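1. Give me a model of this one.
(one chain, ligands or ions: 2)
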Amino acid sequence: MLDFLFGLFSHDLAIDLGTANTLVAIKDKGIVIREPSVVARHKKTKQILAVGPEAKRMMGKTPINIEALRPLRHGVISDFDATAAMLSYYIKLVHQRPQQFIPNIPRPKVVVGIPSGVTEVERRAVQEAAFDAGARSAYLIEEPMAAAIGAGLPIQESKGSLIVDIGGGTTEIAVISLGGIVVNRSIRVAGDELDQAVISFARLKHSLLVGEQTAEDVKIAIGSAFPLPEQNQTVVRGRDLESGLPKSIKFNTNEVREALANVVNHIVAGVKEVIEETPPEFIGDIMEQGITLAGGGSQLRGIDKLIAQEVRMPVWVSDDPQTAVVRGALRLLEDQELLKRVQVTGGLR
Ligand code: ADP
Ligand code: MG
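-> Ligands and ions are numbered 1, 2, ... in the order given. This is a model prediction of the structure:
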């Protein structure tokens with residue numbers, strides 16, 4: 001009976017600490033949380049006021065004594081305290097609430113996906129934060145590895161798999177074989193930079209001042225990396241640079257693609273560099289299996305086609321690419337054998 005109750009309330013969990021979005025999945029239940037990685041807090045006391053959507057709504061609208069920030073924005077942990085607060089918030093959200101009613105519930109095992117650029121010191125700190133939030137054991141897995149597992153790649157085989165995870169703050173490119181990362185590159189060019197490119201374009205070409213959210217909306221609505229058969233346009237609202245008054249302008253597919261091209265080319269260059277560094281015996285495997293794309297940014301129209309054309313290898317976007325990392329982390333949580341065989345850091349306290 002007690003075991004049954006414990007089973008109800010003790011949740012081992014997998015977390016994707018993304019630069020743009022945090023996802024949480026629970027053993028046997030799947031994804032339960034999918035929220036923007038944003039924290040709002042008091043500037044002076046650092047007291048946390050909100051996490052997730054509520055904090056995101058505060059972005060750009062905070063009074064002077066409050067700040068709303070993305071703790072991992074640039075792919076490294078740019079604000080450690082905020083990252084720890086966010087991690088702790090989500091662990092407690094899914095785990096600790098019932099503990100108030102039933103004591104002695106086993107503490108959860110946690111698998112956290114972290115950007116591969118995170119330093120050793122930061123890793124230990126993330127692990128400590130998980131322990132402080134009540135975890136019994138905490139394992140850290142690098143996001144490209146988790147994404148590859150989530151995408152269903154044969155990472156344990158001696159074959160080489162190439163995964164490109166295009167997130168908000170970083171693009172992680174890795175070749176994986178025998179459960180380990182063979183070549184790895186993390187570049188700070190991804191979805192956020194694409195949004196910035198839209199902002200610059202609006203300002204320079206149309207004297208229109210637009211915010212980050214509008215820029216992202218434009219990118220998602222009509223953005224592309226490769227010429228599309230269909231032409232589209234979207235109305236963009238902003239402020240006229242000269243008059244300071246509201247102004248609406250139509251952007252079309254081609255001009256937005258041109259605006260994004262520079263940033264997209266950076267991502268392609270990163271993929272090329274990793275291929276150049278890849279030991280030749282893996283190249284045949286990658287040719288055969290294709291390059292796998294994951295992450296929210298891989299949904300930019302035609303980015304698979306462009307990469308395929310540029311590197312002359314097949315490229316495919318994994319199913320539900322934005323959840324690949326958390327699904328990969330969840331598999332590690334559920335499969336003890338797999339956890340032993342892939343490169344992770346951490347363990348029991
Ligand atoms: P992270 O892992 O860094 O948190 P995600 O994998 O959640 O990032 O991806 C977030 C990025 O994906 C954002 O920059 C967002 O604008 C972008 N994105 C989401 N959907 C689309 C889409 N349909 N087209 C282009 N970009 C998209
Ligand atoms: Mg990610």
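2. any idea which helix or strand carries residue 347?
-> Element membership of residue 347, judged by DSSP states H and E, is strand 345-348.
3. Mind listing what's buried along that strand?
-> residue 346 (16 or more other CB atoms under 10 Å). In this view, the C-beta of every residue, glycine as well, is placed from N, C-alpha and C.
4. which regions of the protein lie under the pLDDT threshold?
-> Filtered on pLDDT under 70, the chain yields the residue ranges 1-10, 75, 96-104.
5. what does the domain assignment say about this structure?
-> The record's domain parsing of the chain by the TED database lists 1-145+325-342, 159-189+265-321, 191-259.
6. ok, is the shortest one in contact with ligand 1 or not?
-> Yes - contact between domain 191-259 and ligand 1 is present through 191, 192, 216, 219, 220, 223 (criterion: CB under 6 Å from any ligand atom).
7. that older thread, let me know which of the domains of the chain is the nearest to residue 153.
-> The closest of these to residue 153 is domain 159-189+265-321. By CB to CB, the value is 4.2 Å.
8. Name the residues of the stretch 1-150 of the chain found near ligand 1, please.
-> Contact residues, the stretch 1-150 of the chain versus ligand 1 (CB under 6 Å from any ligand atom): 18, 19, 20, 21.
9. Leaving out sequence neighbours, find the closest residue to the residue of the stretch 201-349 of the chain at minimum distance from ligand 1.
-> Closest residue of the stretch 201-349 of the chain to ligand 1, CB to the nearest ligand atom: residue 296 (2.3 Å). Leaving aside its sequence neighbours, residue 296 sits nearest to residue 322 (CB to CB, 6 or more residues apart in numbering; 4.4 Å).
10. Does that neighbour touch residue 21 like I think?
-> Yes - using CB atoms under 8 Å, residue 322 is in contact with residue 21, at 7.2 Å.
11. Quickly list what's touching both of these two.
-> Between them, residue 322 and residue 21 share these contacting residues under CB atoms under 8 Å, 6 or more residues apart in numbering: residue 296.
12. Identify the residues contacting residue 338.
-> Residue 338 makes contact with 149, 156, 331, 332 under the criterion CB under 8 Å, 6+ apart.
13. again, but for residue 327
-> 25, 31, 149, 150, 320.
14. and the stretch 1-150 of the chain, which of its residues are near ligand 2?
-> Proximity of the stretch 1-150 of the chain to ligand 2 (CB under 5 Å from the ion) is limited to residues residue 18.
15. How about the stretch 1-150 of the chain: which residue is closest to ligand 2?
-> residue 18 (3.8 Å; CB to the ion).
16. got the contact list for that residue?
-> Contacts for residue 18 (CB under 8 Å, 6+ apart) come out as 37, 72, 113, 143, 167, 168, 325.
17. For residue 235, list the residues it contacts.
-> Taking CB under 8 Å, 6+ apart, one finds 248, 249, 250 in contact with residue 235.
18. Give the partner strands of the helix or strand harbouring it in its sheet and their orientations.
-> Per DSSP H and E: residue 235 is located in strand 233-240. Strand 233-240 pairs in its sheet with strand 208-209 (antiparallel), strand 246-252 (antiparallel), by DSSP bridges.
19. returning to that earlier point: other SSEs contacting the strand holding residue 347?
-> Applying 3 or more CB pairs under 8 Å, 6 or more residues apart in numbering; DSSP states H and E, we find strand 345-348 packed against helix 120-132, strand 137-142.
20. Only the C-alpha atoms, please, for that strand, written as PDB.
-> C-alpha atoms of strand 345-348 as PDB (Å, rounded to 0.1, in the frame of the first residue of the first chain):
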ATOM      1  CA  THR A 345      28.200  13.100 -15.300                       C
ATOM      2  CA  GLY A 346      26.900  13.000 -11.800                       C
ATOM      3  CA  GLY A 347      25.200  10.300  -9.800                       C
ATOM      4  CA  LEU A 348      24.300  10.000  -6.100                       C
END
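21. Cool, thanks, signing off.
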